[in-house]
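Colleague: Fold the following for me, if possible:
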Amino acid sequence: MIVRLQGRKYQVIRSVYDSDLKRCRQKMIGSFDSYLNSFPSSIIDLLTDDEKIEAEKWGNEKTASHNRSMKFFAISNAPEKFKQLTELVSSTDADTQAQVDKYLEAMLVNVDLLRKALKKREKAKKSLSVKAEAEQ
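Modeller: Predicted coordinates for the structure are as follows:
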């Protein structure tokens, strides 16, 4: 089974051996929108058991890839978002002060979580460098 991106749709193609021609021929099973992370049920119903396993594996890989790109986007956008939030907090009036206080409390919790994550990462890097030195 082949999943090919054609424009904004994925085409699901099956290779079928033609004994008269002694060659494989490609037969399109169906197509679906490229924003979907898994096969629609209408196409899954047409697949063999092996192809269903392949389709599930393809869907898992596409979902994992999508999640990685979303994490990258969130991380790369974080400094700009933080700057915008800081500007909003500094330009608030008395009516929104209670909301700003809640926001700042939440940010302090997140800052602590970020510090802990950085410390964990630094410890992991140190342990890797110690292992590498020990092996040499």
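Colleague: what's the closest non-adjacent residue to residue 30?
Modeller: Counting by CB to CB, 6 or more residues apart in numbering, residue 30 lies nearest to residue 43, which is 4.2 Å off, once chain neighbours are set aside. Yep, even glycine has a C-beta here, placed from its N, CA and C like the rest.
Colleague: ok, so what distance separates the one you found from residue 69?
Modeller: 24 Å (CB to CB, to the nearest Å).
Colleague: out of those two, which sits in the more crowded spot?
Modeller: The neighbour comparison of residue 43 against residue 69 (other CB atoms under 10 Å) goes to residue 43, with 17 against 10.
Colleague: and the more buried one, what element?
Modeller: Using DSSP states H and E, residue 43 sits in helix 41-44.
Colleague: downstream neighbour of that helix in the secondary structure list?
Modeller: Next in sequence after helix 41-44, counting helices and strands by DSSP H and E, comes helix 49-90.
Colleague: next one: that next one to chain centre, how far?
Modeller: Its chain's average C-alpha position is 4 Å from that of helix 49-90, according to CA atoms, centre = their mean, to the nearest Å.
Colleague: I figured residue 100 hits residue 86, correct?
Modeller: No: Residue 100 lies out of contact with residue 86 (CB atoms under 8 Å); the separation is 11.1 Å.
Colleague: the more surrounded of the two?
Modeller: The residue with more neighbours, out of residue 100 and residue 86, is residue 100; 15 against 11, by other CB under 10 Å.
Colleague: what helix or strand does that one sit in?
Modeller: Per DSSP H and E: helix 97-135 holds residue 100.
Colleague: My guess is the residue nearest to residue 30 contacts residue 36. True?
Modeller: No: look at residue 43 against residue 36 with CB under 8 Å: they stay out of range, at 10.2 Å.
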